[in-house]
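Test case, fold it:
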Amino acid sequence: MAGRVRYSAPTNAAMDIEALETMIERGQDSAMLRLTLGNAYRQREDWEQAETHLRQALTLKSDYSAAWKALAKCLEARGRRDEAIQAYESGLEAARTNGDMQLVREMEVFLRRLRRSSD
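Numbering: from 1, shown residues only. Below you'll find the model as predicted:
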C-alpha cells in the first residue's frame, strides 16, 4: 500500500459550514443561521470566526439568549473572562425577558462557575 494516496471526504462540519456560508452569500441571513454557523465554528475551535458570527446573530436579534450563551462560551474559551461574564449577564437578562427558563438555569450555573474560577 506504500505510495497510495488516501482520499479523505470532508467532515460534516466542514460541509455544513460551506452550506451555511453559501446561504449567507445568497442573502438568506438570519440570527438563527448565524448562531448555527457560530456553533459550527466553535466545534472546530475556530474562535475568531465563531465570535464574528455570534456577534452578528446578536446584531440581528439582540435578545437572542442562545446566541448570548454561545458567545459567552466562545469568549471563555478564548480566555476573555470579563467579556464572557458580561455576555452571560446579557444572556440572562434576555432569557428572563423571553421566559427561556432552561437557558436561565444553564447560564446561572456557567456564570457562577466562571466567577468562582476567576477569584
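
measure Gln56 to Tyr64 for me?
11 Å (CB to CB, to the nearest Å). (Glycine included, C-beta is placed from N, CA and C.)

Looking at the two, which one has more neighbours?
Tyr64 (24 against 18; other CB atoms under 10 Å).

Name all residues that make contact with the residue nearest to Val104 when sequence neighbours are not counted.
Once flanking residues are discounted, Val104 sits nearest to Ala95: 4.6 Å by CB to CB, 6 or more residues apart in numbering. Each residue near Ala95 by CB atoms under 8 Å, 6 or more residues apart in numbering is listed here: 65, 68, 101, 103-104, 107.

let's go with 6 Å and repeat that
With contact set as CB atoms under 6 Å, 6 or more residues apart in numbering, Ala95 has these partners: 65, 103-104.

do Leu103 as well
Contacts for Leu103 were tallied using CB under 6 Å, 6+ apart; they are 65, 95.

Which helix or strand contains it?
Following DSSP states H and E, one finds Leu103 within helix 101-117.

Which helix or strand contains the residue nearest the centre of the chain?
Centroid-nearest residue in the chain, with CA atoms, centre = their mean: Ala70, separated by 3.6 Å. Element membership for Ala70 (DSSP H and E) is helix 65-77.

ok and the next helix or strand after that helix relative to helix 65-77, angle-wise?
Downstream of helix 65-77, the first helix or strand assigned by DSSP H and E is helix 81-98. Interaxial angle, helix 81-98 versus helix 65-77 (axes from the mean of the first three to the mean of the last three CA atoms, to 10 degrees): 170 degrees.

Please save the CA atoms from helix 81-98 in CSV.
In CSV, the C-alpha atoms belonging to helix 81-98 read as follows (Å, rounded to 0.1, in the frame of the first residue of the first chain):
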residue,chain,number,x,y,z
ARG,A,81,-13.4,36.0,31.2
ASP,A,82,-14.6,39.6,31.9
GLU,A,83,-16.3,39.7,28.5
ALA,A,84,-17.7,36.2,29.0
ILE,A,85,-19.2,37.3,32.3
GLN,A,86,-20.8,40.3,30.6
ALA,A,87,-22.1,38.1,27.8
TYR,A,88,-23.6,35.7,30.3
GLU,A,89,-25.2,38.6,32.2
SER,A,90,-26.7,39.9,28.9
GLY,A,91,-27.9,36.5,28.1
LEU,A,92,-29.5,36.0,31.4
GLU,A,93,-31.4,39.3,31.0
ALA,A,94,-32.6,38.3,27.5
ALA,A,95,-33.5,34.8,28.7
ARG,A,96,-35.5,36.1,31.6
THR,A,97,-37.3,38.6,29.4
ASN,A,98,-38.2,35.9,26.9
